[in-house]
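Asks: Give the three-dimensional model of this entry:
(3 chains, ligands or ions: 2)
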Amino acid sequence: MSVARARFDFFIRPVDWLSGLANTLAALCLFGIFLLVGAEIVMRNVFLASLDFSWDVSAYLMGAAFMLSAASALKNGSHVRVTALREVLPARAALGLDAAACLVGLVIAVMLTWALGQSAWLSFLRGSTSSSVVRIPLVWPQSVLALGAGLLSLQMLAQLLRVTRGEDLPTGEGIE
Amino acid sequence: MTKIVFSLVGLLALLLAGGVWIGLGLVGTGVGMIAIFRSHMPFEKLLAQQSFNVLSSAELLALPLFILMAEILFRTNISEALFTGLAPWLRRVPGRLAHITVLGCSLFASVCGSSAATTATVGRITAKELISNGYDRQLVTGSLAGSGTLGFLIPPSTIMIIYGVMAQTSILNLFMAGILPGLIIALSYMGYIGIRALLNPDLVGPAGPSTSLMFKLRALKDLGPLLALILVVIGSMYGGIASPTEAAAVGVAGSILLGFFQRTLTLRGLLEAGRDAANSCAMIGLIMVGAMFLSTALGYLGVPNYIATSIESWGLPPFALIVVLLIFYILLGMVMEGMGCIVMTLPITLPLITAAGFSKMWFGIFLVIVIEMAQITPPVGFNLTVIQRLTGDSIGRITRATVPFFLLMVAFVLVLAIFPGLVDIVPNMLAE
Amino acid sequence: ETKWDMSVVWPEGNFQAKDAVAFADKVRDVTKGDVDITVHVGGALGIKGPEGMAAVRDQLVPTAEILMSQQVGDAPALGVESLPFLAPTLSDLALLHKFYRPKVEEIAASMNQKLLYMVPWPGQAVFSKKPINTLDDLKGMKIRVVDANGQAFFKALGAAPVQMPWGEVVPALAAGTIDAVTTSSSSGVDGSFWEFMKYMNTFNWQASSDILTVNLDAWNALPEKDQKAIEAAAREMEGQFWLNSRNEDATKIATLKEHGVEVTAPSAELKADLVEKSKPLWVAFEKRVPDAAPYIENYLTVRGN
Ligand code: NA
Ligand code: NA
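Replies: Residues are numbered from 1 along each chain as shown, chains lettered A, B, ... in the order given. Ligands and ions are numbered 1, 2, ... in the order given. Purely as a prediction, here's the structure:
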């Protein structure tokens, strides 16, 4: 491995590891939704009683799954982008364009993190809860969203650093 | 207003053509538009509110569940079984197995109210197998994008429910009215595929050997598990066991059982399926956040409202009005999310339409079809991005593949404008 | 000239939406065009029901028309009206508001907004596939409910309250996944409930009101004469809006009857049973939200039970 490869590894590797971990958590959230909705079906049809928290918690788990996996989706090229312009550019210019895209992406991801983080913080200060049948403090689901967005920002920075050392941005596996 | 529209198009083109990830590019465009034209508005509050709205919306729950189901099924041998079971039967049909995506989407649409989930699920099971069996990539992705949209038109349908409540018209009648147009569109896709295959036999995979009827019947056995799964999911919903979203969980349970029963699925494989599903969900989720945020931002700036009011002021005759509205919704659907299009324009367009002599139900079907089109027009086109994730093709390439199917939809809308009675046939039949 | 956007979550034809539009017109009139309010119906500004007050506080919109009982996540005391059988008639509700309105104003102020008017919805009925004559008929009935009070109430009655997003309700009714829905006559007509259910039981077990609030920063920026004029307009129109609500119920019930729905009020015995089962929930609520307790108690003292 060349020196250029090793550069920034101290940052990129832990971020990749965290992205993978969050992806696994996201998968568990999906199975959690499945189990909750399944339990609701059984409860209603067999015991004539509804789990009063199943819809709310499932919806929050869905948000958690979506955002916690945002970083790993970026890392393995699942997030979609338009590549028409970069395909007609010479290699160096294409790399420059990728770097610019990462930089702009980073700014937007940080804004999203800030917005979600602020709302989680305010929900905590104000003690806001969900307003349906169960009173779930909103700080919990909102913090998870902010956490996912924060991790997305870190992974975006990692992608930027990868581009600066000459690597291409990942694309999904696709069908050969 | 011209300034607003030019800034919108410019900012969006700059960010997306520059290669910024679509979801983030939409967020960035929305933030930019608010910063320029509504600077006193706290954009971070709106962004947080809209993101949390989308990401905690119970109405969306079927999407992650169906995507999980598709990832699990992908790890069983259900795709191969589908092909070996149907291949002998479709051998002499022009287009052969290329019809599977259309048939699969139409069938799946009858349990799933979401267009993206229909595309993702059916595509995951059929696309790879079709392409690796020698079917033309363009034909496969195009037909998948087109027929995936049937999720909205064939009941149940989330869009119809929103429209029914807003327009104060019967949701049940809307559901029934969607069946015939859905079938006609599906048939027109199959007709197109057949004609293309007749004109150019290279577009479809090899025919395989001629077989006896006994063999054909035995081949059907391979379809058994998949048919059972579909019947269980549909049955749970129409039998009153599960609501539409809950039916998706029944599908997940069925596919896990199927995988374990066939010994094709391990616990490790199940976790892998979950991780891949989460990545797909993250992609769709981020784009939904961006699309919803940008749609809302445009609503605050009064863009849809302004254009709809302008159209109103032209005082067009009925057919011209339909054509203009069609163009309006197609353009709007390029940059806005479908639900947002309806919610923001309906108060103006619905009275226009009823004054022109069309029924509320007719307009509902019209809107559902144009919102379907919005799913396959770039840059904000959910079905396109789902297929991008599935096949790895560029958005541009998928869009080109989708054009014929898009045009078939446009043609159908015009037919619908000439024969508005088409939407009444099924509801009238069932009313008797 | 001041331009305000107003968010309304109800669809265009809904009576609360019509009231909001009428109020906006009136404001334009009494301020001689100084204050021009654009009403966005159908949730067109992307603000959902439970976010109304937060959106006004956060200045996403200067003014919004808000269903009070959906704001309990931000202020639990706004759930008072939705307690079962606490104020089952319009005159009960008017009396309750005499005590309770200052509390609503106080909560609004704490969220940086000013209350302009309060208008009740028609009471909550139970739409069902089978008739409900006695408590036994409710046993095990799968009823779709939307809030904690509904959940607790129908559980206490021995029914099986079920949560479900609105989008699932129609398919679920059609397939028989649920047997009943509790909602107002307005929503019953909006959802064409006659297609699925033959009976409307006018329990009126739960009241709820919409409030119109305006952000205080936006309000304070107005000249005093406009403020005075708007306040006067709100006071003047509120009475008419209450009448509209009463008429709405009558009209919508007539529509339901036209479509063959059997509309019945509960018998005296059933009514007594229902009220009996409700009272423990009032106590539990007062315990959970102590700052709402005095308003409930004062109201009950004056009403006389
Ligand atoms: Na459907
Ligand atoms: Na589009």
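
Asks: dump the residue contacts of residue 24.
Replies: Here I'm looking at chain A. Applying Cβ atoms under 8 Å, 6 or more residues apart in numbering or on different chains, we find A:Thr24 in contact with B:Leu271, B:Arg275. (Each C-beta comes from the backbone N, C-alpha and C, glycine too.)

Asks: that's the wrong chain, I wanted chain C
Replies: Contacts of C:Ala24 (Cβ under 8 Å, 6+ apart): C:Met6, C:Ile37, C:Thr38, C:Val39.

Asks: same check, this time on B:Pro304
Replies: B:Leu298, B:Leu332, B:Met336, B:Cys341, B:Met344, B:Thr345.

Asks: For chain A, which residue gets nearest to chain C?
Replies: Residue nearest to chain C within chain A (Cβ to the nearest Cβ): A:Ser131, separated by 3.5 Å.

Asks: phi, psi of that residue?
Replies: For A:Ser131, the backbone dihedrals (degrees, to the nearest 10) come out as phi -110, psi 10.

Asks: confidence score at the nearest residue to C:Thr177 once chain neighbours are set aside?
Replies: Spatially, and ignoring its direct neighbours in sequence, C:Thr177 is nearest to B:Gly240 (4.8 Å; Cβ to Cβ, 6 or more residues apart in numbering or on different chains). In this model, B:Gly240 is scored at 92, pLDDT.

Asks: Kindly report the same for B:Tyr306.
Replies: 88.

Asks: Can you tell me the SS state at the residue in chain C positioned nearest to ligand 2?
Replies: Per Cβ to the ion, the residue of chain C with the smallest distance to ligand 2 is C:Gly46, at 18.2 Å. Counting by DSSP: H, G, I helix; E, B strand; the rest coil, the backbone at C:Gly46 sits in coil.

Asks: Test for you: state the pLDDT assigned to it.
Replies: Looking at C:Gly46, its pLDDT stands at 90.

Asks: List the contacts of it.
Replies: B:Gln49, B:Gln50, B:Asn53, B:Met292, B:Ser295, B:Thr296, B:Gly299, B:Gly340.

Asks: of these, closest to ligand 1?
Replies: Using Cβ to the ion, those come closest to ligand 1 at B:Gly340, 19.8 Å.

Asks: Report the separation between the residue lying closest to B:Arg275 once chain neighbours are set aside and ligand 2.
Replies: Closest residue to B:Arg275 apart from its sequence neighbours, by Cβ to Cβ, 6+ apart: A:Ala27 at 4.5 Å. For A:Ala27, the distance to ligand 2 (Cβ to the ion, to the nearest Å) stands at 29 Å.

Asks: Please enumerate the helices of chain C.
Replies: For chain C, the helices defined by DSSP state H cover C:15-30, C:52-57, C:90-110, C:135-138, C:148-156, C:166-175, C:185-190, C:216-220, C:224-258, C:268-288, C:293-303.

Asks: how near is the residue in the stretch 51-200 of chain B that chain A sits nearest to to ligand 1?
Replies: Proximity of the stretch 51-200 of chain B to chain A (Cβ to the nearest Cβ) peaks at B:Leu55, 3.3 Å away. Distance, B:Leu55 to ligand 1, using Cβ to the ion: 23 Å.

Asks: isn't that residue right up against A:Ser69?
Replies: No: with contact defined as Cβ atoms under 8 Å, B:Leu55 does not reach A:Ser69; the gap is 12.0 Å.

Asks: which regions of chain B lie under the pLDDT threshold?
Replies: By pLDDT under 70, chain B has no low-scoring segment.

Asks: Residues of it that sit close to ligand 2?
Replies: B:Gly333, B:Met334, B:Ala374, B:Thr377, B:Val380, B:Gly381 (Cβ under 5 Å from the ion).

Asks: possible to save these as CSV with secondary structure?
Replies: CSV is the format used below for the residues of chain B next to ligand 2 (three-state DSSP):
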residue, secondary structure
B:Gly333, helix
B:Met334, helix
B:Ala374, helix
B:Thr377, coil
B:Val380, coil
B:Gly381, coil
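
Asks: okay, those in JSON lines with distance to chain C and neighbour count next?
Replies: Shown next, in JSON lines, are the residues of chain B next to ligand 2 (distance: Cβ to the nearest Cβ, whole Å; neighbours: other Cβ atoms under 10 Å in any protein chain shown):
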{"residue": "B:Gly333", "distance to chain C": "17", "neighbour count": "22"}
{"residue": "B:Met334", "distance to chain C": "19", "neighbour count": "16"}
{"residue": "B:Ala374", "distance to chain C": "17", "neighbour count": "27"}
{"residue": "B:Thr377", "distance to chain C": "22", "neighbour count": "19"}
{"residue": "B:Val380", "distance to chain C": "16", "neighbour count": "27"}
{"residue": "B:Gly381", "distance to chain C": "21", "neighbour count": "28"}
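
Asks: Now do stretch A:158-172: distance to the chain's middle.
Replies: 18 Å (Cα atoms, centre = their mean, to the nearest Å).

Asks: and it, anywhere near chain B?
Replies: Yes: residues of stretch A:158-172 contacting chain B under Cβ under 8 Å from any Cβ of the partner chain: A:Thr171, A:Gly172.

Asks: Over to that stretch now: how far is its first residue from its last?
Replies: Length of stretch A:158-172, first residue to last, Cα to Cα, to the nearest Å: 17 Å.

Asks: Flag the shaky bits of chain A, pLDDT-wise.
Replies: In chain A, residues with pLDDT under 70: A:1-5, A:176.

Asks: Looking at it, what residue ends up closest to ligand 1?
Replies: Counting by Cβ to the ion, chain A gets nearest ligand 1 through A:Val37, at 18.5 Å.

Asks: Hmm, B:Glu246 and that residue touching each other?
Replies: Yes: contact criterion Cβ under 8 Å: A:Val37 and B:Glu246 qualify, at 5.5 Å.

Asks: Up against chain B, what does chain C have?
Replies: So chain C meets chain B at C:5, C:11-13, C:40-48, C:51, C:54-55, C:58-60, C:164-168, C:170-172, C:174-177, C:189-192, C:195-196 (Cβ under 8 Å from any Cβ).

Asks: Quick one: residues contacting B:Met361.
Replies: Taking Cβ under 8 Å, 6+ apart, one finds B:Thr169, B:Ser170, B:Asn173, B:Leu174, B:Ala177, B:Val423, B:Asp424, B:Pro427 in contact with B:Met361.

Asks: contacts with chain A among the residues you listed, please.
Replies: Of those, not one also sits near chain A (Cβ under 8 Å from any Cβ).

Asks: Please flag which of those sit within helices.
Replies: In helices, judged by DSSP H, the following of the contacts of B:Met361 are found: B:Asn173, B:Leu174, B:Ala177, B:Pro427.
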